[in-house]
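Q: Below are the sequence and a predicted model for it; my questions follow.
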Amino acid sequence: MKRLAVVLAAAFFSLPAPAQDAKKEIEKYQRMINDSSPAELFELEGESLWKKPQGPRNVSLERCDLGMGPGVLKGAYAHLPRYFQDTDRVMDLETRLLHCMMSLQGRSREEATRRVFGNEDKPSEMELLSAYIAGESRGVPMQPGTKHPKEIAAYELGRKLFFFRTGPWDFSCASCHGEEGKRIRMQDLPVLSEPASARPVVATWPAYRVSNSQFKTMQWRINDCYRQMRMPEPNFASELTNAVNLFLTTTGQGEPYRGPGTKR
Amino acid sequence: MNPFRRKTLAALALLLVPLRALAAWNKEAFGAKSAGEALKSLGIGASADSKDILIEAPQIAENGAVVPVEITSNVPGTRSIAVVVEKNPFPLVAKFDFSESALPFVKVNVKVGESSFVRAIAEAGGKYYTASREVKVTIGGCGG
Amino acid sequence: MADPMKIRTTVGAEYTEVRVLMVHPMETGQRKDSGGNLIPIHFIQEMSVKLNGKTVLEGQISQAVSRNPVFSFRLKGAKSGDKLEIAWLDNRGERNRTETAIA
């Protein structure tokens, strides 16, 4: 009996160890790539783009109001998504940038959204601007809009969408991100409906991805998740993407923003 | 063309040639398909394992496109460090030469094609010292 | 015209840490574009670091250095205001040089 107990105890204590070692090593990798990341280059280029006169009105985006007043960038990203009175809707960073490109610079929606997602040789305007503006929220706790009726409605819609199963595989966001212990190959999947897991995630997007050398934003991330679930890709800056983004950011609220991340 | 003019033109041409960096890119070494051949092309002879060469690298890399590697040589008088990723199609990844004003230290992001040993070879006083670390490369996520 | 490098320096008691971010595709020549064609090899081959006009470090690198390379070096005897110059030359003969003052 004693021998059996010893064997069982040994089995119990030896099983989780290798998985835990792998997890620690992967965390070390994540720390190291964040330490020596080219992400900063995108922030710098984004700053130039923010100040560059463009469009039929030949003005820069410097008077764009991201929620804290025209041209105020410090902390602006950390307070998005939120409701905007002038457009009477909830908007995330990219949705708001599109609005400024159209209203300030006089650009058409068609032109401004022609290339919202870039590639390794040429990032898109949204990617560069997102890198710069997000960088200006370093250290600021994530505090999206949660009080306005439209913010509450968007949050509710986002939550419904998170758990809504559809598409040819009958997937929802929760299929991958709704339960502890899920993994795709060597990547542990965070439970995005839980604050503890959502916080580090919302604090590190947008991000440079080493696997494709591209700087990616939340609009891209949401779009690509839908694509991977074999669902139609949602429209850029749509009500759906803003609702999902608000739900995620609200779930992760309070976390001090760490600046544009670097991920695999 | 008369000989005098030819000599003068040749001399002038030499003056116009930009001064090459001492460390001109070693095509043979970087084109070698094995670590052994690469090191031989660099003139690097037999190396002794040394605990004075520290390699900081992740044991598991979520993606092989960017693997940060930090190398410090505490062997006194280190003048150069070569970096080799043994299983890469072309194993020699870099060679750094240090003057007295630079510490024998370098941090660089390298591509590791498949799980492999990353090796550093330091030269000090005409002798060679080496250390290595294993980096396992994995794939994460949906492959996107 | 090649994009400027971003250089960050931190003067410490024993050495000055220099971190440089370079913009370069560092193509291995093994990648294919969307049309299925091989993207030609294109990478930085040589780099140098000069302190107050004197070369203190040189590097030869291969296409196996990651895209948009990030390097860290440690220099001795560097002080605030000293001139730092980092230069590179790639396999196509393209050059880039960025100068900065040690912070």
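A: Right, received. Where do you want to start? Numbers count the residues shown, from 1 in each chain, chains lettered A, B, ... in the order given.
Q: Going along the chain, name the helices of the chain.
A: Unless you meant another one, I'm taking chain A. Remark: helices assigned in chain A by DSSP state H are A:2-14, A:16-35, A:39-50, A:93-103, A:109-112, A:125-135, A:149-163, A:173-177, A:195-202, A:218-228, A:239-251.
Q: let's do chain B instead
A: For chain B, the helices defined by DSSP H cover B:3-16, B:27-31, B:35-41.
Q: Could you work out which of the helices of chain A reaches nearest to residue B:77?
A: Nearest of the helices of chain A to residue B:77, taken as Cβ to Cβ: helix A:16-35 at 28.8 Å. No exception for glycine: its C-beta is placed from N, CA and C like everyone else's.
Q: With residue B:62 as the reference, measure out to the residue in chain A positioned nearest to chain B.
A: Distances between chain A and chain B by Cβ to the nearest Cβ are smallest at residue A:187, namely 3.2 Å. Per Cβ to Cβ, to the nearest Å, residue A:187 is found 7 Å from residue B:62.
Q: Looking at those two, which is more packed in?
A: The neighbour count for residue A:187 versus residue B:62, taken as other Cβ atoms under 10 Å in any protein chain shown, is higher for residue B:62 (25 against 17).
Q: residues contacting that one?
A: Residue B:62 makes contact with A:26, A:29-30, A:186-187, A:264, B:138-140, according to Cβ atoms under 8 Å, 6 or more residues apart in numbering or on different chains.
Q: want to throw the residues you listed into CSV with distance to chain C?
A: Formatted as CSV, these follow (distance: Cβ to the nearest Cβ, whole Å):
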residue, distance to chain C
A:26, 18
A:29, 13
A:30, 16
A:186, 19
A:187, 20
A:264, 13
B:138, 17
B:139, 17
B:140, 17
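Q: Neighbour-wise, give me the winner out of those.
A: With neighbours taken as other Cβ under 10 Å, the top of the contacts of residue B:62 is residue A:29, carrying 25 neighbours.
Q: Now do the contacts for the residue of chain A closest to chain B.
A: By Cβ under 8 Å, 6+ apart, the residues touching residue A:187 are A:264, B:62, B:140-141.
Q: can you check residue A:208 too?
A: So residue A:208 contacts A:37-39, A:42, A:214-216, A:260-263 (Cβ under 8 Å, 6+ apart).
Q: out of the residues you listed, who's nearest chain C?
A: For these, the nearest to chain C is residue A:38 (3.6 Å; Cβ to the nearest Cβ).
Q: residues contacting the residue lying closest to residue C:89 once chain neighbours are set aside?
A: Closest residue to residue C:89 apart from its sequence neighbours, by Cβ to Cβ, 6 or more residues apart in numbering or on different chains: residue C:46 at 4.6 Å. Counting by Cβ under 8 Å, 6+ apart, residue C:46 touches B:21, B:23-25, C:58-61, C:88-89.
Q: mind putting the residues you listed in a markdown table, pLDDT and neighbour count included?
A: Output for the contacts of residue C:46, formatted as a markdown table (pLDDT from 0 to 100; neighbours: other Cβ atoms under 10 Å in any protein chain shown):
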| residue | pLDDT | neighbour count |
| --- | --- | --- |
| B:21 | 45 | 17 |
| B:23 | 62 | 19 |
| B:24 | 87 | 12 |
| B:25 | 95 | 18 |
| C:58 | 97 | 22 |
| C:59 | 97 | 27 |
| C:60 | 98 | 24 |
| C:61 | 98 | 26 |
| C:88 | 97 | 22 |
| C:89 | 97 | 19 |
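Q: Out of those residues, the closest to residue A:22 would be?
A: residue C:61 (30.4 Å).
Q: Give me the neighbour count for the residue nearest to that closest one when sequence neighbours are not counted.
A: In this structure, residue C:61 finds its nearest non-sequential neighbour in residue B:94, 4.5 Å apart by Cβ to Cβ, 6+ apart. Residue B:94: 25 surrounding residues under other Cβ under 10 Å.
Q: My read is that residue B:94 contacts residue C:65, right?
A: Yes: using Cβ atoms under 8 Å, residue B:94 is in contact with residue C:65, at 6.4 Å.
Q: Mutual contacts of the two, please.
A: By Cβ under 8 Å, 6+ apart, the residues touching both residue B:94 and residue C:65 are B:108, B:110.
Q: so residue C:32 touches residue C:38, yeah?
A: Yes: taking Cβ under 8 Å as the definition, residue C:32 is a contact partner of residue C:38 at 5.8 Å.
Q: Residue C:80 and residue C:11 touch, don't they?
A: Yes: contact criterion Cβ under 8 Å: residue C:80 and residue C:11 qualify, at 6.0 Å.
Q: and for those two, which residues touch both?
A: Shared contacts of residue C:80 and residue C:11 (Cβ under 8 Å, 6+ apart): C:102-103.
Q: Could you check which of these two has the larger neighbour count?
A: Per other Cβ under 10 Å, whichever of residue C:80 and residue C:11 has more neighbours is residue C:11, with 14 against 10.
Q: Now the most centrally placed residue in chain C: phi and psi?
A: The residue lying closest to the centre of chain C (Cα atoms, centre = their mean) is residue C:22, at 5.2 Å. Per-residue torsions, residue C:22: phi -110, psi 150 (degrees, to the nearest 10).
Q: what does the model give it for pLDDT?
A: We have a pLDDT of 96 for residue C:22.
Q: what sits against it?
A: Residues counted as contacts of residue C:22 (Cβ under 8 Å, 6+ apart) are C:5, C:44, C:68-71, C:88, C:96.
Q: Just give me the closest of the residues you listed to residue A:243.
A: Ranked by distance to residue A:243 (Cβ to Cβ), these are led by residue C:68 at 34.2 Å.
Q: Which secondary structure state is assigned to that closest one?
A: Three-state assignment for residue C:68 (DSSP: H, G, I helix; E, B strand; the rest coil): coil.
Q: That one contacts residue C:20, doesn't it?
A: No: judged on Cβ under 8 Å, residue C:68 makes no contact with residue C:20 at a distance of 11.0 Å.
Q: quick one: which of these two has more around it?
A: Neighbour count, other Cβ under 10 Å: between residue C:68 and residue C:20, residue C:68 has more, with 24 against 21.
Q: check contacts around the residue of chain C found nearest chain A.
A: As assessed by Cβ to the nearest Cβ, chain A sits closest to residue C:68 within chain C, at 3.6 Å. Residues in contact with residue C:68, defined by Cβ under 8 Å, 6+ apart, are A:38, A:41, A:213, C:21-24, C:26.
Q: okay if I get these as a markdown table plus distance to residue A:255?
A: Shown next, in a markdown table, are these (distance: Cβ to Cβ, whole Å):
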| residue | distance to residue A:255 |
| --- | --- |
| A:38 | 24 |
| A:41 | 25 |
| A:213 | 27 |
| C:21 | 26 |
| C:22 | 32 |
| C:23 | 31 |
| C:24 | 34 |
| C:26 | 34 |
